[in-house]
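[1] Give me a model of this one.
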Amino acid sequence: MPDLFNNVKYYNSLSGEGRREFIDKLYQMLLADGSNPVDYQKLKQQSRITLCPRCGSENIIKAGTRKGRQIYRCKSCKHQFSFTAGTFVYKLRKPSAMLDYIRCMLEGKSLRACAEEVGISLKTSFRWRHRILSALESLDEDIKFSGIIETEELVLKQNKHNAHILLVADREGNVYAKYMGDKAITSVEINNELKNKIDSLTVCCVKDSKKFRDIRKYDIKKTIVIKNKKVKRDIYHLEIVKNEEDNLKKLLTQYRNISPKYLQGYLKFYVLKNNYLSGNVDADVGRLLNIASSAFIPSKHYEKSKNNNKEE
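    Numbering: from 1, shown residues only. Down below sits the predicted model:
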């Protein structure tokens with residue numbers, strides 16, 4: 001691996017602005033240096049505390065090497081693992097192809113098109129996409145809204161079931177989307193999702209339905225009910241969230257019959273594109289790679305990969 005991606009001291013010394021510039025140039029730097037997402041995952045791992053992917057303990061010791069990679073052992077649960085365990089690059093046989101796969105995914109290409117372009121099977125293309133989505137899904141949602149926000153319940157028919165999605169947008173371009181299950185969302189659920197994401201001055205625009213009107217009974221007191229898609233006082237409306245609803249539908253229609261267990265990952269991907277990605281593919285490959293490398297995939301996905309003898 002080139003010195004650039006072995007230099008943990010340099011990486012940790014970067015300021016906030018310097019780190020952002022590094023990430024935006026990450027894709028081209030990886031290509032120029034002949035490095036891949038596994039190399040970047042190692043750099044990320046070395047720059048933070050090592051945690052056991054099975055039990056989350058920090059009580060970790062080194063336990064030799066295997067095929068040139070450092071092996072760690074958890075003193076709490078005795079589990080042995082490498083730096084890729086519990087990450088989206090675990091057991092990748094073609095790590096360099098993953099970099100191009102992320103680019104194809106950002107370009108909106110189908111599973112089959114991604115597979116053909118990077119030289120992997122359709123089955124592996126499916127697994128890789130959902131590894132990335134699983135990593136996104138595991139990240140904490142720390143979004144905070146202020147000012148005026150708009151809310152909506154989006155109902156989609158996916159894989160022979162109705163998916164009820166809470167969609168929220170503000171006037172600063174921030175978007176939040178949460179899969180709430182296969183039943184209609186209740187006012188209590190809306191309140192619980194929003195109460196920690198807004199401040200006391202936030203005004204919530206809602207449609208004229210009982211479940212949305214009733215959220216004022218709980219923690220969200222400042223609500224404006226919008227009737228018949230009208231605009232109140234020139235500033236209160238639901239036009240932005242309706243536009244986000246249309247855009248989300250367009251994204252999800254690219255993927256047929258999304259299983260409920262994967263749907264939140266697709267919603268996180270949509271939110272990520274709105275709130276974090278720039279629209280420049282080269283910069284966005286680095287940004288998406290950085291985010292995916294920052295997360296541990298849910299244990300159910302890690303254990304499934306661990307028990308699969310074949311590397312992807």
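[2] Only C-alpha atoms from now on, for both contacts and neighbour counts.
    Fine.
[3] In this protein, which residue is most central in space?
    Residue closest to the average C-alpha location in the chain (C-alpha atoms, centre = their mean): Leu136, at 2.4 Å.
[4] quick one: contacts for Gln264?
    For Gln264, the contact set (C-alpha atoms under 8 Å, 6 or more residues apart in numbering) comprises Glu137, Lys178, Tyr179.
[5] Wait, a helix at the residue nearest to the centre of the chain?
    Yes. The assignment for Leu136 by DSSP: H, G, I helix; E, B strand; the rest coil puts it in a helix.
[6] Look up how far Val271 lies from it.
    10 Å (C-alpha to C-alpha, to the nearest Å).
[7] Repeat that for Leu238.
    As for Leu238, its distance to Val271 is 18 Å (criterion: C-alpha to C-alpha).
[8] Settle it for me: which of those two has more neighbours?
    Neighbour totals were compared for Leu238 and Val271, and Leu238 leads with 23 against 19 (other C-alpha atoms under 10 Å).
[9] okay, now the domains of the protein?
    3-139+276-306, 148-258 (automatic domain parsing).
[10] Which one of these lies nearest to Leu267?
    Closest approach to Leu267 among the domains of the chain is made by domain 148-258 (6.0 Å; C-alpha to C-alpha).
[11] Let me see the mean pLDDT of stretch 238-245.
    In this model, stretch 238-245 has an average pLDDT of 95.
[12] can you map out the strands along the stretch 51-200 of the chain?
    60-66, 69-74, 80-82, 148-158, 161-170, 175-181 (DSSP state E, counting those that start in this stretch).
[13] got the contact list for Ala163?
    Ala163 makes contacts with Leu154, Val155, Leu156, Lys157, Tyr179, Met180, Gly181, Asp182, Lys183, Pro260, as judged by C-alpha under 8 Å, 6+ apart.
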